[in-house]
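Build me a structure from this.
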Amino acid sequence: MALLAGLACGPAMAADRAALPPYSFAYEPQGVDERGMWMMADEDERILRTSSFVIRDEELNAYVRGVLCRTVGEDRCRNVRVYVMRIPQFNATMYANGMMTVWSGLLLRVQNEAELGAVLGHEFGHFEKRHSLNGFKNKRSVSDVLAWLGMVGPNAGLSASLAGYVYSFSRAQETEADLIGIQYLASSAYPSAAAPKVWSRLMAEQDATAAGRKRKVRHSYAAGFFASHPTEAAREAYLSREAAKYADAGDPGAEAYRKGIAKWLPQLLDDQIKLNDFGGSEYLLDQLAASGGSADVTFARAELYSQRGNPRDYVTAAELYREAIAKGCDRPEARRGLGLALLRTQQSDEGKQALRSYLEFRPDAPDGPMIKSLVGN
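Numbers count the residues shown, from 1 in each chain. I've put the predicted structure just below:
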């Protein structure tokens, strides 16, 4: 029932959208290589089902799967099993047997259903074009070469680089999956223009991370020989050109997306803050705030500045904690954070009052004895 409800809440299919080619969902693996690859994927899925990283929330998993179905079509997504993983990084993966994993960090970095659909459609494109089979065949054939190279001394150092190369999709396959993914969007009710925006913001976040860590901010516009993916800059460029060709319109589903992940947003934000990536997190949170940030986003921004802990950061954190509370943030930690930030900026009386309020909200707080010592009773 949750899945059916999720499928019904997206934007209606536009009547003038071009139809995708028919798709056979009853495909069976052919040949020794493909059957072996499916067996490995089945074993991976069996192990994954018991993983502590899987978010076992049927509503969230059904919602994410619903976005996939609205993007690629019911016939294509019918046999896909989606597993949302609690891993705070940008990633999604489609396996040869129809299993898809979606990392929680991806959910925090897209701003609407169309952008999520662009990434999921890209992964489904790998599946539809059976890109994994070519990689598996290459791995089998090259593994014999690597075994021989490992026996002849001088070439042993080559193995690690080649091994990393053959385990990934080629750049041509990645580009093909990108172009298939944007075709899915153009054929759905979602606008294809959402696809390049994902990569534009991902580049900006990477630059912010580099700047925050005092590293050189630079994006490579040409992939190296062993790079398996096109650069983000190249992706943004050719996806923008494709979207201009389609010139399609549609509701990207921003409000539906906010509602879809609202239950998990506080946890996603907490996990991001724990990455200890001030520059990237600041950029990401600023983007969320600019697109209508909730009290949860404001609280996360306060936590970020408080965590870095420069003298001026505590002033900013206190302002953000106050704003989060004014917006209705009911987390007791907001009052604790406000109190500690005020104490560190020499606003003792107001800080102690905020800490007393925290203890009223959390009388059994594990840090209660420490907080009581700060307020003096």
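
For the rest of this, base every contact and every neighbour count on C-alpha atoms.
Noted.

Under a three-state scheme, what state does Ile87 occupy?
coil (DSSP: H, G, I helix; E, B strand; the rest coil).

so what's the backbone phi/psi at the residue lying closest to Leu106 once chain neighbours are set aside?
Taking C-alpha to C-alpha, 6 or more residues apart in numbering, and ignoring the residues beside it in sequence, Leu106 has Phe90 as its nearest neighbour in space, at 4.3 Å. When read as degrees, to the nearest 10, the backbone of Phe90 gives phi -80, psi 110.

Kindly report the same for the one 3 residues further on.
Thr93 has phi and psi values of phi -140, psi 140 when expressed as degrees, to the nearest 10.

How about the one 4 residues further on?
Main-chain dihedrals, Asn97, degrees, to the nearest 10: phi -90, psi 10.

so what pLDDT did it get?
As predicted, Asn97 sits at a pLDDT of 85.

so how far is Pro196 from it?
Distance, Asn97 to Pro196, using C-alpha to C-alpha, to the nearest Å: 28 Å.

if you count what's nearby, which of those two comes out ahead?
Between Asn97 and Pro196, counting by other C-alpha atoms under 10 Å, Pro196 is the more crowded of the two (25 against 22).

which residues does the spatially most central residue of the chain contact?
Computing the C-alpha centroid of the chain and ranking residues by C-alpha atoms, centre = their mean puts Leu106 first, at 0.7 Å. Contacts for Leu106 were tallied using C-alpha atoms under 8 Å, 6 or more residues apart in numbering; they are Pro88, Gln89, Phe90, Asn91, Ala92, Leu116.

can you do 7 Å?
With C-alpha atoms under 7 Å, 6 or more residues apart in numbering as the criterion, the residues that contact Leu106 are Gln89, Phe90, Asn91.

Mind checking which of these are buried?
Neighbour-count burial within the contacts of Leu106 applies to Gln89, Phe90, Asn91; the criterion is 16 or more other C-alpha atoms under 10 Å.

who are the neighbours in contact with the second one?
Residues in contact with Phe90, defined by C-alpha under 7 Å, 6+ apart, are Trp103, Gly105, Leu106.

I'd like the distance between it and Gly73.
Relative to Gly73, Phe90 is positioned 24 Å away (criterion: C-alpha to C-alpha).

now swap in Leu288 and tell me
Applying C-alpha to C-alpha, the value for Leu288 to Gly73 is 29 Å.

Relative to Ala177, which of the contacts of Phe90 is nearest.
When the contacts of Phe90 are compared for distance to Ala177 (C-alpha to C-alpha), Leu106 wins out at 17.7 Å.

Spell out the residue ranges of the helices in the stretch 201-350 of the chain.
Counting by DSSP state H, counting those that start in this stretch, the segments of the stretch 201-350 of the chain that form helices are 232-246, 254-261, 265-273, 278-290, 295-308, 311-326, 332-344, 348-361.

Gln287 is in contact with Arg301, correct?
No - under the criterion of C-alpha atoms under 7 Å, Arg301 makes no contact with Gln287, lying 11.2 Å away.

Mind checking which of the two has more residues around it?
Counted by other C-alpha under 10 Å, Arg301 and Gln287 do not tie: Arg301 has more neighbours, with 25 against 16.

Name the residues contacting each of Arg301 and Gln287.
Here Arg301 and Gln287 share no contacting residue, scored by C-alpha under 7 Å, 6+ apart.

Could you report the neighbour count for Gly368?
Burial measure for Gly368: 15 neighbouring residues, criterion other C-alpha under 10 Å.

how much space is there between the residue lying closest to it once chain neighbours are set aside and Arg335?
With C-alpha to C-alpha, 6+ apart as the criterion, Gly368 has its nearest non-adjacent residue at 6.9 Å, and that residue is Leu359. Separation of Leu359 from Arg335 (C-alpha to C-alpha): 9 Å.

what bits of the stretch 51-200 of the chain have low per-residue confidence?
Applying pLDDT under 70 to the stretch 51-200 of the chain flags residues 131-169.

That one: strands as residue ranges?
Counting by DSSP state E, counting those that start in this stretch, one finds strands in the stretch 51-200 of the chain at the ranges 81-85, 92-94, 99-103.

can you redo those strands as TSV with distance to Glu43 and mean neighbour count?
As requested, these are arranged in TSV below (distance: least, C-alpha to C-alpha, whole Å; neighbours: other C-alpha atoms under 10 Å):
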stretch	distance to Glu43	mean neighbour count
strand 81-85	14	22
strand 92-94	15	20
strand 99-103	11	21
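
Looking at these, which is nearest to Leu239?
Using C-alpha to C-alpha as the measure, strand 92-94 is the one of the strands of the stretch 51-200 of the chain that comes nearest Leu239, at 18.6 Å.

now for that closest one, which elements pack on it?
Helices and strands touching strand 92-94, by 3 or more C-alpha pairs under 7 Å, 6 or more residues apart in numbering; DSSP states H and E, are strand 99-103, helix 113-128.

Can you tell me how far the residue nearest to Leu106 is from Leu108?
8 Å.

swap in Ile47?
Relative to Leu108, Ile47 is positioned 26 Å away (criterion: C-alpha to C-alpha).

Looking at the two, which is more packed in?
With other C-alpha under 10 Å as the criterion, Ile47 and Leu108 differ in neighbour count, and Leu108 comes out ahead with 20 against 10.

I'd like to know how far that one sits from Ala295.
Between Leu108 and Ala295 the distance, using C-alpha to C-alpha, works out to 15 Å.
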